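A.B. asks: sequence and predicted structure below; questions after.
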Amino acid sequence: MEKINQVKFGIAGGITFALFVWLIEIVLWILFVPFYNNMMSTLYNVAGLTSFTLIKTLFISLIAGFLVGFLFFWLFAWVYNKLLVVTIK
């Protein structure tokens, strides 16, 4: 069995995880932002979420999703590589 390149595996996992976080966030925005903005304008007479706030949140979520995915998949590859060395009698 071959060892996994930890950095490449982490980057691939980070990109995949960030894309899933982005897709879930887009779906939640489509479903709940109009309701939230309507509630905020009705109850408090404020505008609610603006486009800038949504874009900023998306950017931060992408970075956080990439970092969490990278760390999780890098740790998985590290453990996998360590377990290759272990021999069972």
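C.D. replies: On my side now, so go ahead.
A.B. asks: for the rest of this, base every contact and every neighbour count on C-alpha atoms.
C.D. replies: Noted.
A.B. asks: longest helix in the chain, please.
C.D. replies: Under DSSP state H, the helix in the chain containing the largest number of residues is helix 6-44.
A.B. asks: could I get the buried residue list for that one?
C.D. replies: Buried positions in helix 6-44, judged by neighbour count with 16 or more other Cα atoms under 10 Å: 6-7, 9-19, 21-22, 25, 33.
A.B. asks: that helix packs against which elements?
C.D. replies: Using 3 or more Cα pairs under 8 Å, 6 or more residues apart in numbering; DSSP states H and E as the contact test, the elements touching helix 6-44 are helix 51-85.
A.B. asks: what's the helix it packs on packed up against?
C.D. replies: Under the contact criterion of 3+ Cα pairs under 8 Å, 6+ apart, helix 51-85 touches helix 6-44.
A.B. asks: list the contacts of the residue nearest the centre of the chain.
C.D. replies: Against the mean C-alpha coordinate of the chain, by Cα atoms, centre = their mean, the closest residue is G65 at 2.3 Å. Taking Cα atoms under 8 Å, 6 or more residues apart in numbering as the contact definition, G65 lies against 14, 17-18, 21.
A.B. asks: return the closest of those with respect to F70.
C.D. replies: The closest of these to F70 turns out to be G14 (Cα to Cα; 4.1 Å).
A.B. asks: and the pLDDT at that closest one?
C.D. replies: Looking at G14, its pLDDT stands at 97.
A.B. asks: that one touches A64, doesn't it?
C.D. replies: No - if you go by Cα atoms under 8 Å, G14 and A64 don't touch, sitting 9.4 Å apart.
A.B. asks: gap between T16 and L28?
C.D. replies: Remark: distance between T16 and L28 (Cα to Cα, to the nearest Å) = 19 Å.
A.B. asks: same thing with F76?
C.D. replies: Separation of F76 from L28 (Cα to Cα): 29 Å.
A.B. asks: ok, now L54?
C.D. replies: 11 Å.
A.B. asks: this completes my enquiry, with thanks.
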